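A.B. asks: What follows is a predicted protein model with its sequence.
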Amino acid sequence: IVKLNEKYSALSYERVFPEYKDKALGDKLGLADFYYIKLGTQQAAEAAQEFSKSPNVISAEQRYKEVLITTKSFPSSGKVYQKNLPSSGKSAPAPHGLYPTDVLFKYQWYLENTGQNLTGLVPPTPHGEVGLPGADIKAPQAWRYYFSGTPPRNDTIIVNIVGLPAKINHEDLQANIVLLGGDHITNSPGSSDGTAASGVAAAVTNNSFGIASLCWTCKTNPRDAYYAIEEIIYATDHGARVISLNFLTILIYGGSAYQQAVNYAHGHNVVVVAPAGLGGNRIWLPGALENVISVGIDHNVKRVIAL
């Protein structure tokens, strides 16, 4: 390792996970044995290959301009949960739904698809502007079920969105932004994919403005995707119940560390979701990891979009 440090002008070693509250689980997963090596050269891919051949290194992976190494073996991930989907067939009649006052709800076909005409909306729908009634997630019925208990439920769930910056002072989002601290909070001066992702999850709902979010009582915490591996641990330790990894990378970029960070979240009953990928002869992270719900796409006519 010393010779490789000299060859690639290693500038520093830093722990990937310098802190984690659950010491027992973190140590079991080997979190203390992941390191970033900051290089003085631009040869991170080549360096990762050479470090991986060292008998003192269990794994080495490129992370952008750095090398991420593991110096000890770690256990395999925990139980992977699978759920069999119901067979296709005629759906049962939906119960009466609960409807929000948000002015753009009528266009949110994924929450309730009435066959509404989406002509002129940006972005345009790729399979036609008129939707297929019922090709949706039955959100109004879910809301009615959720809020119909005695007393009515009012759970505050933190959804951690790791991805592109979000506009945290957006008028339909600001009241539901919760800042958990740390150095990697994102903010965007304008609209972005990060703003959209945060809004779908936790926009202020039933306020006669903007869109409706799926979770009326959720708060969101937008974080920087560059630090996603660390952010999974940080969000878990600071009360997140759902972590949405709103980005894609390929297997060579920190796969082992991603997996152990996800396992840490899974050990605390945190739900982790991520995009399925962009196809091709590659394994896409983080959607390919165990204990991650990998999410694909369909559209307003119930046609799957190939990525």
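C.D. replies: Good, I have the coordinates.
A.B. asks: Now do stretch 212-229, average pLDDT.
C.D. replies: The predicted model gives stretch 212-229 an average pLDDT of 89.
A.B. asks: start the count at 848, not 1, going forward
C.D. replies: Sure, I'll start counting at 848 from here, so that last one is stretch 1059-1076.
A.B. asks: That stretch: which residues count as buried?
C.D. replies: For stretch 1059-1076, burial by neighbour count (16 or more other C-beta atoms under 10 Å) applies to 1059-1063, 1065-1072, 1075-1076. Where C-beta positions appear, they are placed from N, C-alpha and C, glycine not excepted.
A.B. asks: show me where the stretch 898-1047 of the chain has helices.
C.D. replies: For the stretch 898-1047 of the chain, the helices defined by DSSP state H, counting those that start in this stretch occupy 986-994, 1040-1049.
A.B. asks: Show me which parts of the last one are buried, residue by residue.
C.D. replies: Within helix 1040-1049, the residues that count as buried by 16+ other C-beta under 10 Å are 1041-1049.
A.B. asks: same question, the shortest one
C.D. replies: Going by neighbour count (16+ other C-beta under 10 Å), the buried part of helix 986-994 is 986-987, 989-991, 993.
A.B. asks: quick one: average confidence on it?
C.D. replies: pLDDT averaged over helix 986-994 equals 90, rounded to a whole number.
A.B. asks: Counting by contacts, list what that helix packs against.
C.D. replies: Under the contact criterion of 3 or more C-beta pairs under 8 Å, 6 or more residues apart in numbering; DSSP states H and E, the helices and strands touching helix 986-994 comprise an empty set.
A.B. asks: that older thread, now for the helices of the stretch 898-1047 of the chain, which one comes closest to Asn1093?
C.D. replies: Of all the helices of the stretch 898-1047 of the chain, the one in closest proximity to Asn1093, counting by C-beta to C-beta, is helix 1040-1049 (4.8 Å).
A.B. asks: Remind me what the closest one packs against, helices and strands.
C.D. replies: Based on contacts counted as 3+ C-beta pairs under 8 Å, 6+ apart, the elements that helix 1040-1049 packs against are strand 1004-1010, strand 1065-1071, strand 1087-1092.
A.B. asks: Name the residues that touch the second one?
C.D. replies: In other words, strand 1065-1071. Contacts made with strand 1065-1071 from outside it, assessed by C-beta atoms under 8 Å, 6 or more residues apart in numbering, are listed as 1003-1010, 1012-1013, 1015, 1020, 1023-1027, 1029, 1031-1034, 1041, 1045, 1048-1049, 1078, 1081-1082, 1087, 1089.
A.B. asks: The lowest-mean-pLDDT helix or strand in the chain: what's the following helix or strand?
C.D. replies: Sorting the helices and strands of the chain by mean pLDDT, DSSP states H and E puts strand 1096-1097 at the bottom, at a mean of 74. Per DSSP states H and E, strand 1096-1097 leads on to helix 1102-1113 as the next helix or strand towards the C-terminus.
A.B. asks: which residues touch that following helix?
C.D. replies: Residues outside helix 1102-1113 that contact it (C-beta under 8 Å, 6+ apart): 863-864, 867, 869, 872-873, 876-878, 881, 906, 908, 915, 917, 921, 924-925, 1075-1077, 1079-1080, 1082-1083, 1090, 1119, 1132-1133, 1136-1139.
A.B. asks: redo that, cut-off 6 Å
C.D. replies: 863, 876, 881, 906, 915, 917, 924-925, 1076, 1079-1080, 1083, 1119, 1132-1133, 1136, 1138-1139 (C-beta atoms under 6 Å, 6 or more residues apart in numbering).
A.B. asks: Give me the sheet partners of the helix or strand just after that helix and which way each runs.
C.D. replies: Once the chain leaves helix 1102-1113, the next helix or strand it forms, by DSSP H and E, is strand 1118-1122. Based on DSSP bridges, the strands next to strand 1118-1122 in the sheet, each with its direction, are strand 1087-1092 (parallel), strand 1140-1142 (parallel).
A.B. asks: Tell me where the model's unsure across the stretch 848-997 of the chain.
C.D. replies: 911-912, 919-943, 967-975 (pLDDT under 70).
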